[in-house]
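Enquirer: 3D model of this:
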Amino acid sequence: QVQLVESGGGLVQPGGSLRLSCVASGFSLDSYAIGWFRQAPGKEREGVSCLSSSDSFTNYADSVKDRFTISRDNAKNTVYLQMNSLKPEDTAVYYCAAAGVRGSYEYWGQGTQVTVSS
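Expert: As a prediction, this is how the structure comes out:
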């Protein structure tokens, strides 16, 4: 069964850090580009970061640049999103997704809630 499962979300104070994980099963992540997305209540889903299949290219939304880092561990079939200096506006459900050779995101996780609040 093809599946992406996110974890690592939670409640954190402003300025804190979290590391989200996205574990793939049923397929190998190393040939897929990976994206992290988020959706806050009442807002559209937005792209946060992406990583090319070769790991040679990364991109970040302006709102998270220099605070978030995307990475992958192919041996663990896992992708990470390290989030530092978190702000209340980072509060959202975070999703990972995998894009194959067609370039569209084929597989999506169920999401993990991140809440930044004092």
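Enquirer: give me the neighbour count for the residue nearest to Ser118 when sequence neighbours are not counted.
Expert: Nearest residue to Ser118, sequence neighbours excluded (CB to CB, 6 or more residues apart in numbering): Gln13, at 5.4 Å. Glycine gets a C-beta too; all of them are placed from N, C-alpha and C. Neighbourhood size, Gln13 [other CB atoms under 10 Å]: 10.
Enquirer: Provide a list of residues in contact with Gln13.
Expert: The neighbourhood of Gln13, defined by CB atoms under 8 Å, 6 or more residues apart in numbering, consists of 116-118.
Enquirer: now with 10 Å, please.
Expert: Going by CB atoms under 10 Å, 6 or more residues apart in numbering, Gln13 touches 86, 88, 116-118.
Enquirer: identify the farthest-apart pair in those.
Expert: Leu86 and Ser118 (11.1 Å; CB to CB).
Enquirer: could you tell me which residues touch both of the two?
Expert: The contact sets of Leu86 and Ser118 overlap at 12-16 (CB under 10 Å, 6+ apart).
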